[in-house]
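Student: Quick one: sequence plus predicted model below, questions after.
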Amino acid sequence: MNLEQIHNVYFIGIGGIGMSNLARYFKTLGKQVAGYDKTPSVLTNELIASGIAINFEDNVTLIPSHFSVESTLVVVTPAVPVSHSQWNFFLQNNFVIKKRAEVLGIITKDTFCFAVAGTHGKTTTSGILGHILHQSGADVTAFIGGIVENYNSNLIGNGKTVTVVEADEFDRSFLHLHPNIACITSMDADHLDIYGTSDAIEASFIEFASKVEDKNKLFITSELPIDGVVCSINTDAPYRAYNVRIGNGSYVFDVQTPTEIIKDLHFGLPGKHNLMNALMAIAMANLFGTPTEAIAKGIASFQGIKRRFSYQIKSDEKVYIDDYAHHPTEINAVHQAVRELYPGQKVLAVFQPHLFSRTRDFAVDFAKSLSAFDEILLLDIYPARELPIEGITSSWLLEMVSNEHKKLLTKSEVIPAVLASDATVIVTIGAGDIGEMVPQIKMAINETL
């Protein structure tokens, strides 16, 4: 497909974090962009404000009449049900329909493509890399799976020759990409509703890795069963972060590359997992030829991703952090960062599980991760694209949590429960609609300070 022939782009599921950055991208190219989503959100409001027409009713008559079969590309999210009327209209009338991953593959095929893969860390790593490259003056567009604080957007830049993309393992999407330089941050089991087994996930990552023929251009962590250039914290490796200390609320560290030592890098995101994300981004930018000074400046000025250890309140009396973590490994990373920053303080975690299948597949690990907090408030499972699974409920999960300071509650009960707690550090965690509650929780806590 030649994107030059496309004048109109219609998105089914336009409000998704990955779909919306493509919508923004096509808008910057001067295309007519419109779409459907199930419910209004902050993202859809922003898209509408930018001039994109969005409808929230699955009605064929709401598709713009001038979006003809000859000039329109239709982009669908994997979450759309097969019964969707608009999707079926486009199918029956022979429109060109592509998944988001396929469209990313088409966009990146003729660019120098950085692909960031891994079950955790993709968004932060690609955000850091996109920011470094953009700040250094590279002709880059970075498609980010979260809102980058520096830009208040999930799209960085509007370059034509270099792209940064998240290589998403969900639905094997990353196999559509054409990476020139890539990294794999982690390979934990996830999306077992798609893959079935952890071996199948591993095989998929190995297939993705094979797309990078020169293994000197594939960056990995030491524990991965894949050939590539190892990045490590403290232990000896071609790219090594060491002499790590905390100064003025930030990490300060040195990096050994194959050719030089970069001293006293400053990085403001907490947690060892974020330090590894930064190191991966540094390695890719370094290999690309980005000047050392530009790397140091980009790392120091990166403000983070919304809902990734996002400080909502940071006072002497109370700290409130919001995080997108929805896998036990990610919850452990949040816990590690909180304990490192606030040793000896009481920590309350409010968690909303995401997907029935993920809750079922990792229930024991979820229970162990949650038990590490001092107090746990658990919400019902957010279904997203799934129907309920018999026996898989939040009350079932809560029974496995060993910490006795635990409670199952509804969304309307969250704020009273948070205010009743004597915890000095509060963390909201989850990938569902718990993120929509953050402003109200923040306001309620602030009113008590």
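Tutor: Happy to help now that I have it. Residues are numbered from 1 along each chain as shown.
Student: Please, which helix or strand holds residue 151?
Tutor: Counting by DSSP states H and E, no helix or strand carries residue 151.
Student: ditto for the one 3 residues further on
Tutor: Using DSSP H and E, residue 154 sits in strand 153-156.
Student: swap in residue 359?
Tutor: Using DSSP H and E, residue 359 sits within helix 356-361.
Student: Give the other helices and strands that that helix contacts.
Tutor: Judged by 3 or more C-beta pairs under 8 Å, 6 or more residues apart in numbering; DSSP states H and E, helix 356-361 is in contact with helix 192-195. To be clear about C-beta, it is placed using only N, CA and C from the backbone, and glycine gets the same treatment.
Student: On the secondary structure side, give me the element for residue 407.
Tutor: strand 406-408.
Student: residues of that strand that come out buried?
Tutor: Within strand 406-408, the residues scored as buried using 16 or more other C-beta atoms under 10 Å are 406, 408.
Student: give me every residue that touches the closest residue in space to residue 63 that isn't next to it in sequence.
Tutor: Nearest non-adjacent residue to residue 63, counting by C-beta to C-beta, 6 or more residues apart in numbering: residue 86, 6.2 Å away. By C-beta atoms under 8 Å, 6 or more residues apart in numbering, the contact list for residue 86 reads 12, 36, 58, 59, 60, 62, 63.
Student: do the same with residue 324
Tutor: 146, 307, 308, 330, 429, 430, 431, 435.
Student: swap in residue 207?
Tutor: Applying C-beta under 8 Å, 6+ apart, one finds that residue 207 lies in contact with residue 175.
Student: Next, give phi and psi for it.
Tutor: Backbone torsions of residue 207, given as degrees, to the nearest 10, read phi -70, psi -40.
Student: now it: how far from residue 153?
Tutor: Residue 207 is 31 Å from residue 153, where distance means C-beta to C-beta, to the nearest Å.
Student: Helix or strand for the spatially most central residue of the chain, just tell me which one.
Tutor: In the chain, the centroid-proximal residue (C-alpha atoms, centre = their mean) is residue 123; its distance is 3.9 Å. Per DSSP H and E, residue 123 falls inside helix 122-135.
Student: contacting residues for residue 322?
Tutor: So residue 322 contacts 307, 310, 312, 427, 428, 435, 438 (C-beta under 8 Å, 6+ apart).
Student: Ranking by neighbours, what's the top pick from those?
Tutor: Neighbour counts for those (other C-beta atoms under 10 Å) peak at residue 428, which has 28 neighbours.
Student: secondary structure class for that residue?
Tutor: For residue 428, the secondary structure call by DSSP: H, G, I helix; E, B strand; the rest coil comes out as strand.
Student: Look at it and report its pLDDT.
Tutor: For residue 428, the model assigns a pLDDT of 98.
Student: sorry, back to before: contacting residues around the helix or strand following the strand holding residue 407?
Tutor: Elements were assigned by DSSP H and E; along the chain past strand 406-408, the next helix or strand is helix 414-420. Contact with helix 414-420 is made by 348, 350, 377, 379, 407, 409, 426, 437, 440-441, 444-445, 448, as judged by C-beta under 8 Å, 6+ apart.
Student: Measure how far helix 414-420 is from the centre of its chain, please.
Tutor: Offset of helix 414-420 from its chain centre (C-alpha atoms, centre = their mean, to the nearest Å): 28 Å.
Student: And it, what's buried?
Tutor: In terms of neighbour count (16+ other C-beta under 10 Å), helix 414-420 has its buried residues at 414, 415, 418.
Student: Tally up the residues packed near the closest residue to residue 291 other than its chain neighbours, please.
Tutor: With sequence-adjacent residues excluded and distances taken as C-beta to C-beta, 6+ apart, residue 291 is closest to residue 136, at 6.6 Å. The local packing count at residue 136 equals 18, with neighbours defined by other C-beta under 10 Å.
Student: circling back to that earlier point, quick one: which of the contacts of helix 414-420 sit in strands?
Tutor: 348, 350, 377, 407, 426 (DSSP state E).
Student: Okay, and the beta partners of the fourth one?
Tutor: Note on residue 407: beta-bridge partners by DSSP bridges are residue 377.
Student: doesn't residue 377 make contact with it?
Tutor: Yes: judged on C-beta atoms under 8 Å, residue 407 makes contact with residue 377 at a distance of 5.5 Å.
Student: Serialize the contacts of residue 86 to JSON lines and add fields for distance to residue 265.
Tutor: Below are the contacts of residue 86 laid out as JSON lines (distance: C-beta to C-beta, whole Å):
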{"residue": "12", "distance to residue 265": "43"}
{"residue": "36", "distance to residue 265": "44"}
{"residue": "58", "distance to residue 265": "49"}
{"residue": "59", "distance to residue 265": "53"}
{"residue": "60", "distance to residue 265": "54"}
{"residue": "62", "distance to residue 265": "50"}
{"residue": "63", "distance to residue 265": "50"}
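Student: buried subset of these?
Tutor: The buried subset of those - by 16+ other C-beta under 10 Å - is 12, 36, 58, 63.
Student: between those residues, which is closest to residue 271?
Tutor: For the buried ones among the contacts of residue 86, the closest approach to residue 271 (C-beta to C-beta) belongs to residue 12, at 35.7 Å.
Student: Check the gap between that closest one and residue 75 for me.
Tutor: 7 Å.
Student: next one: residue 366
Tutor: Counting by C-beta to C-beta, the gap from residue 366 to residue 75 is 33 Å.
Student: And the strand holding residue 407, what does it pack against?
Tutor: Helices and strands in packing contact with strand 406-408 are listed as strand 375-378, helix 394-400; criterion 3+ C-beta pairs under 8 Å, 6+ apart.
Student: residues making contact with the first one?
Tutor: Here strand 375-378 makes contact (C-beta under 8 Å, 6+ apart) with 346-353, 370, 394, 397-398, 401, 403, 405-409, 414, 417-418, 421, 423.
Student: Likewise for stretch 42-61?
Tutor: Defining contact as C-beta under 8 Å, 6+ apart, one finds that stretch 42-61 is touched by 14-15, 17, 20, 23-24, 27, 33-40, 62, 64, 84-86, 89.
Student: Mind checking which of the residues you listed are buried?
Tutor: Buried members of the contacts of stretch 42-61, counted by 16+ other C-beta under 10 Å: 14-15, 17, 20, 23-24, 27, 33-37, 84, 86.
Student: Now, the residues you listed that are in strands?
Tutor: Counting by DSSP E, the buried ones among the contacts of stretch 42-61 place 33, 34, 35, 36 in strands.
Student: Dump stretch 88-96 to PDB, restricted to CA.
Tutor: Provided in PDB are the C-alpha atoms of stretch 88-96 (Å, rounded to 0.1, in the frame of the first residue of the first chain):
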ATOM      1  CA  ASN A  88     -18.600  -5.000   8.800                       C
ATOM      2  CA  PHE A  89     -19.700  -2.100   6.600                       C
ATOM      3  CA  PHE A  90     -16.000  -1.600   5.600                       C
ATOM      4  CA  LEU A  91     -15.500  -5.300   5.100                       C
ATOM      5  CA  GLN A  92     -18.600  -5.700   2.900                       C
ATOM      6  CA  ASN A  93     -17.600  -2.700   0.800                       C
ATOM      7  CA  ASN A  94     -14.000  -3.800   0.200                       C
ATOM      8  CA  PHE A  95     -12.300  -1.000   2.000                       C
ATOM      9  CA  VAL A  96      -8.600  -1.500   2.700                       C
END
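Student: All set now, cheers.
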